[in-house]
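Q: mind looking at a prediction? Sequence and model below.
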Amino acid sequence: CPIAVVQAPAERVWALLSSPASFDLWWDAHTVTITPPGPSQAGQQVEAITRGLGHDWPVHFTVDGVDAARRTLDLTTRLPFGITMHNHLSVMQIDASASRVTFG
């Protein structure tokens, strides 16, 4: 799974990743709806549109679980052509100014 070291405190990275309203800042899609709105929570549905090959493509994910204490997020992502992925994101503090982010 992809791992990146980010030069930002873990709390700041987690705040960005656990708020679907801010996803447009870091992913290659435009968020259309978040139901219910607010921070990530189990059962939450997010609809988005991404663009590729001259077409708009729907992206839908469901938040399966959130563990704020461990800074983990589990998602089920549905893409065109019947592609479904189960994603696990985590943020771990390295030091006061750096974090390790994993996505798998």
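A: Cool, the structure landed.

Q: what stretches of the chain score poorly on pLDDT?
A: For the chain, the stretches flagged by pLDDT under 70 are 1.

Q: which residues in it form strands?
A: 3-6, 30-35, 45-52, 55-67, 72-79, 83-95, 98-103 (DSSP state E).

Q: pretty sure Q93 is touching V13, no?
A: No: contact criterion C-beta atoms under 8 Å: Q93 and V13 do not qualify, at 9.1 Å. The C-beta positions use only the backbone N, C-alpha and C, and glycine is treated the same way.

Q: please identify which of those two sits among more neighbours.
A: A count of neighbours by other C-beta atoms under 10 Å puts V13 above the other of Q93 and V13, at 22 against 15.

Q: from V91, how far out is T33?
A: 25 Å (C-beta to C-beta, to the nearest Å).

Q: could you do V66 as well?
A: 12 Å.
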